[in-house]
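*Asks:* Mind looking at a prediction? Sequence and model below.
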Amino acid sequence: MAIAARLDLEPADAVRFFAAKGEARSWDYTDTWREANVHAFTVAKATTTEVLRTIRAEVAKSIGEGQTFEAFKKALRPRLEELGWWGRQQVLDGDTGEVSSVQLGSNRRLRTIYQTNVQTAYMAGRYKRYLDNVADRPYWQYVAVMDSRTRPEHAALNGKVWRWDDPIWEVIWPPNGWGCRCRSVALTEAEFQALGVALERGADAIVELQVPVGREGRTVTVQGVRYLDSTGKEQVFRPDPGWDYNPGAEWSRFDPAGFRSEADAGRSLTAAPAAKPIRSIAGIPTWQDVGRPDLRLLDPAWRLPDPGELPAASDRDTAHRMMVDVLLAGASTRTVKTPIEDVVIRRELLPHVTEKEQDARERYANYVLPALQQPFEVWLTPYEDGTYRKRYIGLFQAKNDLLVVVRENRDGALSWDVYNLMHGTAKRLNKLRVGTLLFSELGR
């Protein structure tokens, strides 16, 4: 039977989920781990950006148009063969410098890429729709396909019901592994009662396990769920390593508008010409209302030393590596102490900062940490899209003095815009200083 993208029930949310992703090149599937997959499209050992984007374009078509796997394979295989990404080859690992014999494209890999991305996008979209309707359908039921290919532990959860806000859905929201075809169904009170099944409670059932991954056998911590089998014996359901998270929940927290430039201050040094800016709401307190000084009259002593602009990267992959080096020192996360709270910088959200190559935001990565750690001001600003975002405003000495706005978005991601702090533009830049003043520097 042909595999088809099950998107007959409004693919719009699934399309938006997939379109919101950045891109990340990786050597192994563990390089882009758990929630990071929500924010970055990746294919292990996709050796060039062209290969990655060729695969992505066909996946997007499958999600949006309901393309079958056979059509996906027929369209994609010849293009990958033309690009030289097919079969077993000797390939250089850019991180280790080692040459290895690895499997690139194959019919089996294409099936995995198709199933993983289509099913994840579809279920993320379903989560969002269910979340919008919890007042009417507060009970969610786990549904397995229940055929000969269904794994016994997946089949064991079939028919079980939890409330929508049970923490178990952070662990077992489908899909729960490679090739998983499970799904969920939202139920009204009457539908739940008609089933005649017990309401499960997952808070005390969630456990952590150490499991090996990769050929090296290194261990990782994954979450699982205890349950009773048909004989009354306790068992543990464990998603495949790296699948024990809810892509829909992670996506619903994502703030894609937070990576646009600010409308209030005009054109920045980092703004993409075609990017629609975001705008704060009118009629909120300003810098004048709280007695703060005018940017045009500031003494130079208020400015931080210039940490130096970096050269623009030649492509998005290089830009991402630059930001990982500068902001994370190669790690996955970094906690930065600011005057008001700790801010966590997350590797998986950095690709969105370089969504458009003409932004060249990586050039100003050196300014981000000083602006967070020693801001001139911090504002909590309400926006027209109904969200609040924090603005960390930093002032820097430079050839043309700079004002840097590091914005912490509602999902915790960071974006930044950089402006020339000249007398003629300072008046307009004052418009960025609105909302609730959370912190102000009295002087340096």
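*Replies:* Great, that's in hand.
*Asks:* partners of V211 in the sheet?
*Replies:* Taking DSSP bridges as the rule, V211 bridges to V220.
*Asks:* okay but it is in contact with R238, surely?
*Replies:* Yes - in this structure V211 lies within contact range of R238 using CB atoms under 8 Å: 7.3 Å. Just so you know, the C-beta spots here come from the backbone N, C-alpha and C atoms, and that holds for glycine as well.
*Asks:* So for the two, which sits in the more crowded spot?
*Replies:* When neighbours are counted by other CB atoms under 10 Å, V211 and R238 differ, and R238 comes out ahead with 20 against 12.
*Asks:* check contacts around the closest residue to the more buried one other than its chain neighbours.
*Replies:* Among residues not flanking R238 along the chain, G224 sits closest, at 3.8 Å (CB to CB, 6 or more residues apart in numbering). By CB atoms under 8 Å, 6 or more residues apart in numbering, the contact list for G224 reads V171, I206, V207, E208, L209, V236, F237, R238, P239, D244.
*Asks:* returning to what we had before: so what's in contact with V211 and R238 at the same time?
*Replies:* Shared contacts of V211 and R238, defined by CB under 8 Å, 6+ apart, comprise V222.
*Asks:* In the stretch 201-350 of the chain, where is pLDDT below threshold?
*Replies:* The model of the stretch 201-350 of the chain has pLDDT under 70 over residues 215, 254-276.
*Asks:* Now do the strands in it.
*Replies:* With strands called from DSSP state E, counting those that start in this stretch, the stretch 201-350 of the chain shows them at 206-213, 218-228, 234-237, 333-337, 342-346.
*Asks:* how about the CA coordinates for the longest one, as CSV?
*Replies:* What follows is strand 218-228 as a C-alpha-only set of coordinates in CSV (Å, rounded to 0.1, in the frame of the first residue of the first chain):
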residue,chain,number,x,y,z
ARG,A,218,27.5,6.5,24.4
THR,A,219,24.5,6.8,26.7
VAL,A,220,21.9,9.5,26.8
THR,A,221,19.0,10.2,29.1
VAL,A,222,15.6,9.7,27.7
GLN,A,223,12.1,9.8,29.2
GLY,A,224,9.7,6.9,29.3
VAL,A,225,6.3,6.1,30.8
ARG,A,226,5.3,3.2,33.1
TYR,A,227,2.1,1.3,32.3
LEU,A,228,0.4,-2.0,33.1
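*Asks:* buried residues in that strand?
*Replies:* Judged by neighbour count (16 or more other CB atoms under 10 Å), strand 218-228 contains these buried residues: V220, V222, Q223, G224, V225, Y227.
*Asks:* What's the local residue count around the closest residue in space to the second one that isn't next to it in sequence?
*Replies:* Leaving out its chain neighbours, the residue that sits closest to V222 by CB to CB, 6+ apart is D244, at 4.9 Å. The number of residues packed around D244, counting by other CB under 10 Å, is 24.
*Asks:* swap in W86?
*Replies:* Under the neighbour criterion other CB under 10 Å, W86 is assigned a count of 17.
*Asks:* same check, this time on D299
*Replies:* Count around D299 with other CB under 10 Å applied: 9.
*Asks:* what about it, distance to N133?
*Replies:* From D299 across to N133, the span is 56 Å (CB to CB, to the nearest Å).
*Asks:* Equivalent analysis for Y419, please.
*Replies:* Distance from Y419 to N133, counting by CB to CB: 43 Å.
*Asks:* What of Y139?
*Replies:* In this view, Y139 and N133 are 12 Å apart by CB to CB.
*Asks:* Of the two, which one has the most company?
*Replies:* With neighbours defined as other CB under 10 Å, Y139 and N133 compare such that Y139 has more, 21 against 13.
*Asks:* Toward the C-terminus from the helix or strand hosting R108, list the very next helix or strand.
*Replies:* Remark: R108 resides in helix 107-131, with elements defined by DSSP states H and E. Under the assignment DSSP H and E, the closest C-terminal helix or strand after helix 107-131 is strand 139-143.
*Asks:* For the helix or strand following that following strand, which outside residues touch it?
*Replies:* For strand 139-143, the succeeding helix or strand toward the C-terminus, using DSSP H and E, is helix 152-156. The contact list for helix 152-156, computed with CB under 8 Å, 6+ apart, reads A144, M146, N176, C180, C182, Y227, D229, S230, Q235, F237, R238.
*Asks:* and if you look at stretch 132-139?
*Replies:* Contacts of stretch 132-139 (CB under 8 Å, 6+ apart): 130, 161-165, 186-189, 191-192, 199.
*Asks:* Now which of these would you call buried?
*Replies:* If we count by 16+ other CB under 10 Å, the contacts of stretch 132-139 have these buried: Y130, V161, W162, R163, W164, A186, L187, F192.
*Asks:* In helices, which of those residues appear?
*Replies:* The subset of the buried ones among the contacts of stretch 132-139 located in helices under the criterion DSSP state H comprises Y130, F192.
*Asks:* Need the buried ones among the contacts of stretch 132-139 in JSON lines (columns: pLDDT).
*Replies:* Conversion of those to JSON lines gives the following (pLDDT from 0 to 100):
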{"residue": "Y130", "pLDDT": "91"}
{"residue": "V161", "pLDDT": "97"}
{"residue": "W162", "pLDDT": "97"}
{"residue": "R163", "pLDDT": "95"}
{"residue": "W164", "pLDDT": "94"}
{"residue": "A186", "pLDDT": "96"}
{"residue": "L187", "pLDDT": "96"}
{"residue": "F192", "pLDDT": "97"}
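*Asks:* Present the buried ones among the contacts of stretch 132-139 as a markdown table; the columns should include distance to P307.
*Replies:* Listed next are those as a markdown table, based on distance: CB to CB, whole Å:
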| residue | distance to P307 |
| --- | --- |
| Y130 | 46 |
| V161 | 55 |
| W162 | 49 |
| R163 | 49 |
| W164 | 46 |
| A186 | 50 |
| L187 | 55 |
| F192 | 58 |
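*Asks:* looking at it, G214 is touching W27, isn't it?
*Replies:* No - G214 lies out of contact with W27 (CB under 8 Å); the separation is 10.8 Å.
*Asks:* Looking at these two, which one has more neighbours?
*Replies:* A count of neighbours by other CB under 10 Å puts W27 above the other of G214 and W27, at 17 against 12.
*Asks:* Where do the helices of this protein begin and end?
*Replies:* 12-19, 36-39, 49-65, 69-82, 107-131, 152-156, 169-172, 189-195, 247-253, 316-323, 368-373, 423-429.
*Asks:* okay, those helices in a markdown table with distance to E98 next?
*Replies:* Output for the helices of the chain, formatted as a markdown table (distance: least, CB to CB, whole Å):
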| stretch | distance to E98 |
| --- | --- |
| helix 12-19 | 33 |
| helix 36-39 | 24 |
| helix 49-65 | 20 |
| helix 69-82 | 24 |
| helix 107-131 | 21 |
| helix 152-156 | 36 |
| helix 169-172 | 35 |
| helix 189-195 | 55 |
| helix 247-253 | 32 |
| helix 316-323 | 19 |
| helix 368-373 | 33 |
| helix 423-429 | 50 |
